[in-house]
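Q: what's the 3D shape of this:
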Amino acid sequence: MRIFHLSAECYPVAKVGGLADVVGALPKYQNLAGLQAAVVMPYYNRKFVKENVFDTVFQGATLLGTRRLYFEILKEQTDKLGFELFLVRIPGLLDREEIYSYPDETEQFVAFQIAFLDWISFSQQSPDLIHCHDHHSGLIPFLLYHSKLYTRLANTPTIFTIHNGQYHGAFGWDKLSYLPEIDLSKTGLLDWAGGINPLAAAVKCCWRYTTVSPTYLQELTINSNGLEYLFYMERAKGVGIINGIDTDIWNPKTDPMIASNFSVLQVSKGKQANKEALCSRFNLAPDKPLVSFIGRLVIEKGADLLATAIEQSFNEHPGQFNFLLLGAGEKETEIELLQLKAFYPDWFHVFIGYDEALAHLVYAGSDFLLMPSRVEPCGLNQLYALRYGTMPMVRTTGGLKDTVIDFGDEGGYGIRYNDASVEDICEAVSRALVLFNNTKHLQSLRKIMMALDFSWDRSSKEYINLYKSLNPII
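A: This is a model prediction of the structure:
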């Protein structure tokens, strides 16, 4: 019944995006359901590590090509996250502050995977299943089954979850020597487009792979940065499971990061109190509809459309609504948005960066959350918004399509549009403003939103059923 989750991120230890939120919640809920799930991730010299106590449970040495690496496995003492947390520390390689963007990132993540396999092999750890997340752990299935060093583990089932199929972690064949001794007749399993592709290797070698929504499973055969044919050929191995959210953390009734706690019974009063606190902070009028955006300012999120769409909507509806943006990313987009703020200081505010507490307040105090994503494998922001009675305005793609039904359709509670375009965004804003003025209808929709179940209780059961189909002892 022992499950190891391997990931580059895990909230609250180290977070860049939704991967961290998933890995920080799914194992906790699996443990509550009776499994013994643990997380293994690289060591980062960050706040969580500095403020908590870790025991060294294993020390060893391994090779990365001709480079001898000494590593240790650290375990957080109290299991305060609801699961066992193990960190792989390699001096000079996996002991830095940032998660990504180092020039030797390939070496970092290859070494992370080899050290993990050495540890569980030589320490006689015997997981019943290994669950790998994204390309940072994508070589694990190949090495388990095609390296002589790990034959003891060769019958261990592996699940591979794709949180974002645009990133593959590919590197050249000149670095094949980084891998431990392998069956060279199987190198075709590593190859894609003339290089070693960890994401492709994982899809080929794992027992089953999952995506974070059913629609994204289909979309990978159309848009996966060059792996479309692979996903088409391997589609029978794929399963789409919608991510959940941690309803202990994202709970408007108990959330310590918002200005006023509220339940579905006090949704109107509670949201207004948070809206007033939010608008006071950014000098916006709390009596107007508040549309917000939270996320990375990148093309995948449709951020390049925001400045034009916001300005056009302001021109179409002058003085009728406010817009608040929280995010960071491409510098050109940041500059455009800051320039727009100078033109509309009474209606528009930009917070460049990310602040977890502010994000909670934005979800609680906004009326609408805009998500014009070009690519959205699952999306968590719309789920957080629904939990706080904030209506998502989403493009029909990936997990947004699977989790948001347009309020004009039967059983609907959100706003959906088809294209990542300025025109569709502006039309969505116009619909939102009309709905805002229909107070009774909006309040009834907010109650529907807050009653929806997108918890990890539901999602973790789907993963457990998948595990059981591969390993009956679980």
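Q: Can you tell me what sits against the lengthiest helix in the chain?
A: As assigned by DSSP state H, the longest helix anywhere in the chain is helix 105-122. Contact with helix 105-122 is made by 4, 6, 8, 40, 42, 58, 60, 62, 64, 69, 71, 73, 88, 90, 93-94, 102, 125-127, 135-137, 139-140, 143-144, 147, 149-150, 152-153, 169, 171, 175, 178-180, 198, as judged by C-beta atoms under 8 Å, 6 or more residues apart in numbering. In short, each C-beta sits where N, CA and C put it, glycine included.
Q: Which helix or strand lies directly C-terminal to that helix?
A: Following helix 105-122 in sequence order, the next helix or strand is strand 129-133 (DSSP states H and E).
Q: Outline the domain layout of this structure.
A: Domains of the chain are assigned by automatic domain parsing as 2-246+457-470, 264-454.
Q: end-to-end on the first one?
A: What it means is domain 2-246+457-470. Distance between the boundary residues of domain 2-246+457-470 (C-alpha to C-alpha, to the nearest Å) amounts to 14 Å.
Q: tell me the angle the helix or strand that residue 201 is a member of makes with strand 129-133.
A: Residue 201 is part of helix 198-205 when elements are defined by DSSP H and E. Relative orientation of helix 198-205 versus strand 129-133 (axes from the mean of the first three to the mean of the last three C-alpha atoms, to 10 degrees): 150 degrees.
Q: From the contact counts, what lies against helix 198-205?
A: If contacts are counted by 3 or more C-beta pairs under 8 Å, 6 or more residues apart in numbering; DSSP states H and E, helix 198-205 sits against helix 140-146, strand 158-162, strand 191-192, helix 228-233.
Q: please redo it, this time with the cut-off set to 7 Å
A: Packing partners of helix 198-205 (3 or more C-beta pairs under 7 Å, 6 or more residues apart in numbering; DSSP states H and E): helix 140-146.
Q: before we move on, back to that, what pLDDT, on average, does the longest helix of the chain get?
A: Average pLDDT, helix 105-122: 97.
Q: mind checking how far it is from the chain centre?
A: Remark: helix 105-122 is offset 23 Å from the chain centroid, using C-alpha atoms, centre = their mean, to the nearest Å.
Q: what stretches of the protein score poorly on pLDDT?
A: Scanning the chain for pLDDT under 70 picks out the ranges 473-474.
Q: 50 - rerun?
A: Nowhere does the chain drop to pLDDT under 50.
Q: which among the contacts of helix 105-122 end up buried?
A: For the contacts of helix 105-122, a burial check counting by 16 or more other C-beta atoms under 10 Å picks out 4, 6, 8, 40, 42, 58, 62, 64, 69, 71, 73, 88, 90, 93-94, 125, 127, 135-137, 139-140, 143-144, 147, 149-150, 153, 169, 171, 178-180, 198.
Q: Now go through these and say which are in strands.
A: Of the positions in the buried ones among the contacts of helix 105-122, 4, 6, 40, 42, 58, 62, 64, 69, 71, 73, 88 sit in strands, assigned by DSSP state E.
Q: what is the fifth one paired to in the beta sheet?
A: Looking back up the chat, that one is residue 58. Bridge pairing for residue 58 (DSSP bridges) gives the partners residue 73.
Q: wait, isn't it in contact with residue 71?
A: No - the criterion here is C-beta atoms under 7 Å, and residue 58 misses it with residue 71 at 8.4 Å.
Q: Now distance to residue 252 too, for the domains of the chain, in TSV please.
A: What follows is the domains of the chain, written out as TSV (distance: least, C-beta to C-beta, whole Å):
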stretch	distance to residue 252
domain 2-246+457-470	12
domain 264-454	5
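Q: Could you pull up the residues touching residue 140?
A: Applying C-beta atoms under 7 Å, 6 or more residues apart in numbering, we find residue 140 in contact with 6, 113, 117, 130, 132, 158.
Q: try 8 Å this time
A: Residue 140 makes contacts with 6, 113, 116, 117, 130, 132, 158, 202, as judged by C-beta under 8 Å, 6+ apart.
Q: same deal with residue 58?
A: Applying C-beta under 8 Å, 6+ apart to residue 58 gives the contacts 72, 73, 119, 123.
Q: Next: residue 359.
A: Residue 359 touches 294, 326, counting by C-beta under 8 Å, 6+ apart.
Q: Quickly find the element holding residue 315.
A: Using DSSP H and E, residue 315 sits within helix 306-316.
Q: Can I get that helix as PDB, trimmed to CA atoms?
A: C-alpha atoms of helix 306-316 as PDB (Å, rounded to 0.1, in the frame of the first residue of the first chain):
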ATOM      1  CA  LEU A 306      -5.300  41.300 -21.900                       C
ATOM      2  CA  ALA A 307      -4.200  44.800 -22.400                       C
ATOM      3  CA  THR A 308      -6.100  45.300 -25.700                       C
ATOM      4  CA  ALA A 309      -9.200  43.400 -24.400                       C
ATOM      5  CA  ILE A 310      -9.300  45.400 -21.100                       C
ATOM      6  CA  GLU A 311      -8.900  48.700 -22.900                       C
ATOM      7  CA  GLN A 312     -11.600  47.900 -25.500                       C
ATOM      8  CA  SER A 313     -14.000  46.800 -22.700                       C
ATOM      9  CA  PHE A 314     -13.400  50.000 -20.800                       C
ATOM     10  CA  ASN A 315     -14.200  52.000 -24.000                       C
ATOM     11  CA  GLU A 316     -17.300  50.000 -24.500                       C
END
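Q: Would you indicate which residues of it are buried?
A: Neighbour-count burial for helix 306-316 flags 306, 307, 309, 310, 311, 313, 314 (criterion: 16+ other C-beta under 10 Å).
Q: quick one: the fourth one and residue 348 touch, right?
A: Yes - in this structure residue 310 lies within contact range of residue 348 using C-beta atoms under 8 Å: 6.6 Å.
Q: any residues in contact with both of these two?
A: Contact criterion C-beta under 8 Å, 6+ apart; residues shared by residue 310 and residue 348: 323, 340.
Q: any idea how far residue 82 is from residue 12?
A: Applying C-beta to C-beta, to the nearest Å, the value for residue 12 to residue 82 is 12 Å.
Q: ugh, wrong one, residue 6
A: Using C-beta to C-beta, one gets 18 Å for the distance from residue 6 to residue 82.
Q: What of residue 238?
A: Counting by C-beta to C-beta, the gap from residue 238 to residue 82 is 28 Å.
Q: Also residue 2?
A: Going from residue 2 to residue 82 by C-beta to C-beta gives 16 Å.
Q: And for residue 409?
A: Counting by C-beta to C-beta, the gap from residue 409 to residue 82 is 37 Å.
Q: More neighbours: which of the two?
A: A count of neighbours by other C-beta atoms under 10 Å puts residue 82 above the other of residue 409 and residue 82, at 17 against 10.
Q: Leaving out the residues flanking it, which one is nearest to that one?
A: Leaving out its chain neighbours, the residue that sits closest to residue 82 by C-beta to C-beta, 6 or more residues apart in numbering is residue 28, at 3.3 Å.
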